[in-house]
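*Asks:* Below: sequence and its predicted model.
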Amino acid sequence: MKIVSWNCNGKFRVKYDVIFKINADIYVIQECENPKKYPTVFNKIPMQSFWTGSDENKGLCVFVSPEIIIRDNQWDTYALRHFASYRIDDRFDLLCVWASKPYIEEYYIYQSIHFNKFHKDMVIIGDFNSNRIWDKENKERNHSAVVRQLEGVGLVSTYHYLTKEPQGEEQQPTFFLYRDPSRAYHIDHCFTNPAFIRDYRIENNREWLVYSDHFPMQLEIEIDA
């Protein structure tokens, strides 16, 4: 199964065909408008869609192949933004992330609320807006704390697991502030059971900057029945 995550930087309705050229089973799209607002466009997409957000123009949307059985786990967000958890084919849980200000602190709180539901058969993927380089020593709700907690239940950062690069020393960026190649950061992340991983890559072609300030991530997993 292949999962793609991409912060599309808004107006997904005019650029969805670009990301769908990457043939995947699930697409996790951040800064996506609510498909119900543009039915004439999104009804053309032959996929199931699940959107969450408070701004109809920018939310978190998951597009899923019609062959996949998906169930909303209904984990309460308590007004935290933007997180959604789904059960996929009754085989693993998918937690989709677009962390809003205060970014990793907001995600840390969400993870802490639901941590008793976290387990090794999970995929957590999305735009965390976070990196270890911004950790503050006097704050516990930081990037390193999130990574440690997830490792405690058997979930690793896929990029760091495969590249062996330390957190905060990533050679491949995922985000370009103001689409400026000189202001590049690694802030999109994927965590999963290392036994699931079959392939992972960042689409690090700067042609993507025509469409967004983020590069897409691809994760391919295989889960034994």
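*Replies:* Nice, thanks for sending it over. Numbers count the residues shown, from 1 in each chain.
*Asks:* Point me to the helix or strand that includes the residue minimising distance to the centre of the chain.
*Replies:* Closest to where the C-alpha atoms of the chain average out (CA atoms, centre = their mean) is Gly126, at 1.3 Å. Assigning secondary structure by DSSP states H and E places Gly126 in strand 122-127.
*Asks:* Given that strand, what are its sheet partners and their directions?
*Replies:* strand 92-98 (parallel), strand 188-192 (antiparallel) (DSSP bridges).
*Asks:* where does the residue of the chain positioned farthest from its centre land on pLDDT?
*Replies:* Residue distances from the centre of the chain (CA atoms, centre = their mean) peak at Asn138, which lies 27.2 Å from the mean C-alpha position. The confidence metric pLDDT takes the value 73 at Asn138.
*Asks:* residue boundaries of the helices in the protein?
*Replies:* Secondary structure of the chain (DSSP state H): helices located at 16-19, 39-42, 104-114, 143-152, 158-163.
*Asks:* Looking at those helices, which is nearest to Arg179?
*Replies:* helix 16-19 (15.4 Å; CB to CB). Heads up, the C-betas are built off the backbone N, CA and C, glycines and all.
*Asks:* and Arg71, how many neighbours does it have?
*Replies:* Neighbour count for Arg71, taken as other CB atoms under 10 Å: 12.
*Asks:* okay but Ser65 is in contact with Tyr27, surely?
*Replies:* No. With contact defined as CB atoms under 8 Å, Ser65 does not count as touching Tyr27 (9.4 Å).
*Asks:* which one of the two has more residues nearby?
*Replies:* When Ser65 and Tyr27 are compared for neighbours, Tyr27 comes out ahead with 26 against 15, by other CB under 10 Å.
*Asks:* contacting residues around the more buried one?
*Replies:* Neighbour list for Tyr27: 3-6, 19-20, 47, 62-64 [criterion: CB atoms under 8 Å, 6 or more residues apart in numbering].
*Asks:* Reformat those as JSON lines; add pLDDT and distance to Asp213.
*Replies:* Shown next, in JSON lines, are the contacts of Tyr27 (pLDDT from 0 to 100; distance: CB to CB, whole Å):
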{"residue": "Ile3", "pLDDT": "98", "distance to Asp213": "21"}
{"residue": "Val4", "pLDDT": "98", "distance to Asp213": "17"}
{"residue": "Ser5", "pLDDT": "98", "distance to Asp213": "14"}
{"residue": "Trp6", "pLDDT": "98", "distance to Asp213": "11"}
{"residue": "Ile19", "pLDDT": "98", "distance to Asp213": "14"}
{"residue": "Phe20", "pLDDT": "97", "distance to Asp213": "20"}
{"residue": "Met47", "pLDDT": "97", "distance to Asp213": "24"}
{"residue": "Val62", "pLDDT": "98", "distance to Asp213": "21"}
{"residue": "Phe63", "pLDDT": "98", "distance to Asp213": "21"}
{"residue": "Val64", "pLDDT": "98", "distance to Asp213": "25"}
